[in-house]
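> requesting a structural model of the entry that follows:
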Amino acid sequence: MTDVSQIVPTLDVSRCSEQLFNSFDEANLQCADIAALSETMGQLTTRLRRPADEINGFVDALRASTVPKRPQKMSDFAKEVEYFTSGDSELDRCLFDGRGIGTRSITELCGASGVGKSNFLTQLCVGVQLPRLFGGLDKNAIYISTEAGLETRRLNEMVRAVREQHAHSPEVTVSAGRVFCITCSDLESQEHILTYQLVHAIRTRNVGLVVLDSIASHYRAESGGGQGSATSRRTIDLLRCEAALRRAARAGCAVVVANQVTDLFGSETSLSPRDYETHGDVFALDMQTRFYSGWKWPDGDERPKLPAMGQIWASSVDTRLVMRRQGMEDDDGQPSSTVGRRTMAVVFSSRLAPHEATVEIWTGGVRYCQA
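Purely as a prediction, here's the structure:
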């Protein structure tokens with residue numbers, strides 16, 4: 001029996017007769033077979049014993065139902081994209097072309113633990129609530145946490161800071177209650193929420209921003225090691241996750257995902273670009289990763305790092321932001337979250353030029369500061 005009605009339930013069959021579908025059943029032709037044989041119409045007419053015009057009408061309807069409709073011009077797509085402030089106008093100017101975070105795309109923010117990723121993501125949840133007059137979208141945010149949950153104390157501090165900044169503007173109604181928090185305890189619950197619940201929540205709760213903090217947590221914990229079958233399964237899961245986030249982006253949201261990093265090991269990482277041209281292969285993975293990872297070669301004592309989840313995930317995002325911190329130890333040589341120079345950089349983007357800015361963490365979130 002043919003699977004056309006199950007594979008393409010939205011198919012317009014007004015131009016097709018019942019006899020044509022009976023012919024599909026008799027010839028045992030599935031949807032994939034019909035699509036493949038449509039290039040050679042003679043074989044289809046021979047196997048189905050139906051008029052060529054009728055088969056052509058069905059093939060046209062099949063293509064119309066399966067091929068996604070895209071904007072005719074890039075300008076048409078650009079009109080659909082909206083922007084909202086990152087929470088700091090100087091940071092918007094330095095990194096985000098003066099506009100801020102764009103909707104209808106997936107933005108990744110990666111960095112080591114304690115560098116300030118969650119602070120910046122929480123700040124975005126407040127910025128998207130601002131009225132359009134002040135650079136926001138006047139929409140709510142969804143914060144999906146896979147680790148420790150949203151830090152409500154920091155969220156309330158940022159809300160108070162924005163209210164104080166706009167104390168004479170009664171139309172500014174930012175609130176911690178406009179950030180909907182979801183905690184995913186395992187990979188199964190994460191996939192269920194992203195696949196079935198997220199788009200419905202976006203449409204019913206006036207959501208303009210979706211934050212996932214972080215993408216790597218459950219995949220690292222449940223991938224089952226580096227064996228071939230586990231790697232293949234994780235690749236499929238990542239592509240499924242990317243498809244779910246892409247649906248949220250197409251619904252008109254900005255999707256911002258936090259990602260962890262891992263150290264880049266190996267003796268070749270100490271080679272300079274000129275050394276690679278002399279002693280190494282310029283097409284080697286270690287050479288090429290410097291262009292999309294955010295880390296080049298060791299800067300002082302810092303070992304270069306790689307964003308987690310590999311190239312499969314790297315090719316799924318539209319913009320990659322990297323937060324780094326140098327000089328992370330205090331005078332006693334102990335790790336500290338209050339010392340060191342923090343930077344945020346655009347590594348690659350379909351909308352923004354690569355650039356780096358020095359930032360600092362304060363009560364109101366993350367802001368630009370002079371180097």
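> tell me who's in contact with residue 348.
If you count contacts by Cβ atoms under 8 Å, 6 or more residues apart in numbering, residue 348 has them with 291, 292, 319, 320, 354. Quick note: C-beta positions are derived from backbone N, CA and C, even for glycine.
> including pLDDT and neighbour count, could those go into a markdown table?
Output for those, formatted as a markdown table (pLDDT from 0 to 100; neighbours: other Cβ atoms under 10 Å):
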| residue | pLDDT | neighbour count |
| --- | --- | --- |
| 291 | 73 | 11 |
| 292 | 76 | 14 |
| 319 | 95 | 20 |
| 320 | 94 | 23 |
| 354 | 91 | 13 |
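> packing partners for the helix or strand harbouring residue 230?
Using DSSP states H and E, residue 230 sits within helix 228-250. The contact analysis (3 or more Cβ pairs under 8 Å, 6 or more residues apart in numbering; DSSP states H and E) places helix 228-250 against strand 105-111, helix 187-192, helix 198-204, strand 207-213, helix 216-222, strand 254-259, helix 310-314.
> which residues are in contact with that helix?
Residues from elsewhere that reach helix 228-250, judged by Cβ under 8 Å, 6+ apart: 103-106, 187, 190-191, 194-195, 198-199, 202, 210, 212, 215, 219, 223-224, 255, 257, 309, 312-313, 316.
> can you do 7 Å?
Contact with helix 228-250 is made by 104-106, 191, 194-195, 198-199, 202, 210, 219, 223-224, 255, 309, 312-313, 316, as judged by Cβ atoms under 7 Å, 6 or more residues apart in numbering.
> now stretch 152-160
119, 122, 123, 126, 174, 175, 176, 179, 363, 364, 365.
> do that again at 6 Å, thanks
122, 123, 126, 174, 176, 363, 364, 365 (Cβ atoms under 6 Å, 6 or more residues apart in numbering).
> for the residue lying closest to residue 354 once chain neighbours are set aside, give me the pLDDT.
Of all residues not flanking residue 354 in the chain, residue 346 sits nearest, at 5.3 Å (Cβ to Cβ, 6 or more residues apart in numbering). Listed pLDDT for residue 346 reads 94.
> can you count the residues close to residue 346?
Counted with other Cβ atoms under 10 Å, residues neighbouring residue 346 total 22.
> again, but for the one 10 residues further on
Residue 356 is flanked by 16 other residues according to other Cβ under 10 Å.
> which single one of the contacts of stretch 152-160 is nearest to residue 149?
residue 122 (11.5 Å; Cβ to Cβ).
> I'd guess the closest one is in a helix, am I close?
Yes - under DSSP: H, G, I helix; E, B strand; the rest coil, residue 122 sits within a helix.
> ok, it - contacts?
Contacts of residue 122 were listed using Cβ under 6 Å, 6+ apart, and they are 154, 155.
> quick one: low-confidence ranges for the stretch 251-371 of the chain?
Confidence mapping of the stretch 251-371 of the chain against pLDDT under 70 gives the ranges 265-287, 296-303, 327-339.
> which residues of it fall in helices?
273-279, 285-288, 310-314 (DSSP state H, counting those that start in this stretch).
> still on that earlier bit, would you turn the contacts of residue 348 into CSV with distance to residue 342?
Output for these, formatted as CSV (distance: Cβ to Cβ, whole Å):
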residue, distance to residue 342
291, 23
292, 21
319, 19
320, 17
354, 18
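> out of those residues, give me the two with the largest separation.
291 and 319, at 14.8 Å, using Cβ to Cβ across these.
> for the residue nearest to residue 51 when sequence neighbours are not counted, helix, strand, or coil?
Residue nearest to residue 51 in three dimensions, not counting chain neighbours: residue 45, with 7.7 Å by Cβ to Cβ, 6+ apart. Using three-state DSSP, the structure places residue 45 in helix.
> what about residue 80, how many residues nearby?
Neighbour tally, residue 80, other Cβ under 10 Å: 11.
> please apply the same query to residue 220.
14.
> if we ignore the residues flanking it in sequence, what's nearest it?
residue 308 (6.9 Å).
> and the one you found, what does it touch?
216, 259, 260, 262.
> next one: the third one from residue 107, what distance?
So the one you mean is residue 260. Using Cβ to Cβ, to the nearest Å, we find residue 260 at a distance of 16 Å from residue 107.
> same check, this time on the first one
As defined by Cβ to Cβ, residue 216 lies at a distance of 16 Å from residue 107.
> ok so, going back, considering the helices and strands packed on helix 228-250, which stretch scores lowest in mean pLDDT?
Among the helices and strands packed on helix 228-250, helix 216-222 scores lowest, at a mean of 78.
> re earlier: please convert the helices and strands packed on helix 228-250 to JSON lines, extending it with distance to residue 369.
Below are the helices and strands packed on helix 228-250 laid out as JSON lines (distance: least, Cβ to Cβ, whole Å):
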{"stretch": "strand 105-111", "distance to residue 369": "17"}
{"stretch": "helix 187-192", "distance to residue 369": "35"}
{"stretch": "helix 198-204", "distance to residue 369": "34"}
{"stretch": "strand 207-213", "distance to residue 369": "24"}
{"stretch": "helix 216-222", "distance to residue 369": "29"}
{"stretch": "strand 254-259", "distance to residue 369": "22"}
{"stretch": "helix 310-314", "distance to residue 369": "29"}
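> many thanks, I have nothing further to ask.
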